[in-house]
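K.L.:
A structural model of the following input is requested.
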Amino acid sequence: MEQVTHFTNFLTERVNLPESKLEFLDKRVDLIYSALKNSDLGARVLGMKKQGSWAQRTIINPKEGEEFDADFMIEFEEQDGWSPSDYQTPVFDALSEYCEAQKMNTLPEAKNRCVTVTYANFMHVDVVPYVNRAVDGECIVNTDTNTWEDTDPSGFTKWMRKKDEIANGNMRRALRILKYLRDHRDYYEDTKSIILTTIVGGVISLDKTRTYPGCYDNLPKTLHRITADLAAWVRDMPERPEIADPSRADSTFTHRWPQPEYDNFRRDIQDVAARVEEAINCSTAWSDSTNKWRELLGDGFGPADIGNESKFPATGTGVAAGIETMTGRSGRAG
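P.N.:
Modelled structure (predicted):
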């Protein structure tokens, strides 16, 4: 059973980042950007734009006591003679001064592609320097290798918007559920959001709407179609595939998905797909269907009086048995 109302409530109450946290994020990013504009860098700073889950509206609420994160890109005017690392160092220096002036408990952390500002036990913001280079177009820095990396976040967001339109606005919602499974239920826990978003978009197509009419009509139907298609995609593919950047024909994300992380995803998405299949096709009773969704999503799904979260089927019984060789385990924490 589809349980559309339960899914709507689950997104609102458990998955979506609350409006209060989004407002906090907006205000802090404005302050960070103002600090950079008012620093010695000011004349070289051309603008900023959201990136990643924040820009794509797939950011989710973290586990209790853990931070959520957001990225934004800070655009620099290209400087003659500067190496990629030369653009990050002054950002780190300016944000160090900002954090000290704000009497924050933590100082910024310089990473290979960004500078991270942490608001302890609440959130962190990754500030990503980039340059629209005369020769190569938009590039972010990689200080580990002191090289440029191609990027087109606006193009990626446009691509995702088109995919979301095909899915009647349900791609973003399904991605939040899939991220919830990763962050709260320990499925495919090392698969990065950029990879998850790209491969989910990759299996959404108009052809699917003709082959499976109504497959994107609501969130549970969309989740069912996406997980089934992802499971079929990886089932006979033990080697990690190439993951093309849909916004740039000459770029890939493959390097962000090491083989061990792919192996975990390949195992887990087949488990997830089987559980979604069982829950959505359960026809014995409404409560039976709800409990099957709760086995996957946790006891936050559905009404509180439905009963305690059902146990996963023992090895060798139920839907898990058919994929036991792929999962290697019969349940999840959470």
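K.L.:
contacts and neighbour counts: CA atoms only from here.
P.N.:
Noted.
K.L.:
Domain boundaries for this protein, per the record?
P.N.:
Per automatic domain parsing, the domain ranges recorded for the chain read 15-151, 156-327.
K.L.:
Nearest to residue 3, out of the ones you listed?
P.N.:
For the domains of the chain, the distance to residue 3 is smallest for domain 156-327, at 7.3 Å, taking C-alpha to C-alpha.
K.L.:
so how far is that closest one off the chain centroid?
P.N.:
The chain centre lies 13 Å from the centre of domain 156-327; the measure is C-alpha atoms, centre = their mean, to the nearest Å.
K.L.:
Which one, of the domains of the chain, ends up nearest to residue 6?
P.N.:
Using C-alpha to C-alpha, the domains of the chain put domain 156-327 closest to residue 6, at 5.2 Å.
K.L.:
How about the one helix or strand residue 234 maps to, which residues are buried there?
P.N.:
Assessed by DSSP states H and E, residue 234 sits inside helix 219-235. Across helix 219-235, burial judged by 16 or more other C-alpha atoms under 10 Å covers 219-231, 234.
K.L.:
hmm, back to that, to residue 4, which of the domains of the chain lies closest?
P.N.:
The nearest among the domains of the chain, by C-alpha to C-alpha, is domain 156-327 at 6.7 Å.
K.L.:
got the contact list for stretch 217-224?
P.N.:
2-4, 7, 167-168, 170-171, 173-174, 214-216, 273, 276-277, 280 (C-alpha atoms under 8 Å, 6 or more residues apart in numbering).
K.L.:
Next up, the contacts around the closest residue to residue 68 other than its chain neighbours.
P.N.:
Of all residues not flanking residue 68 in the chain, residue 123 sits nearest, at 4.7 Å (C-alpha to C-alpha, 6 or more residues apart in numbering). Residues in contact with residue 123, defined by C-alpha under 8 Å, 6+ apart, are 66-69.
K.L.:
By neighbour count, which of those wins?
P.N.:
Within the contacts of residue 123, residue 69 tops the neighbour count with 22 neighbours, counted by other C-alpha atoms under 10 Å.
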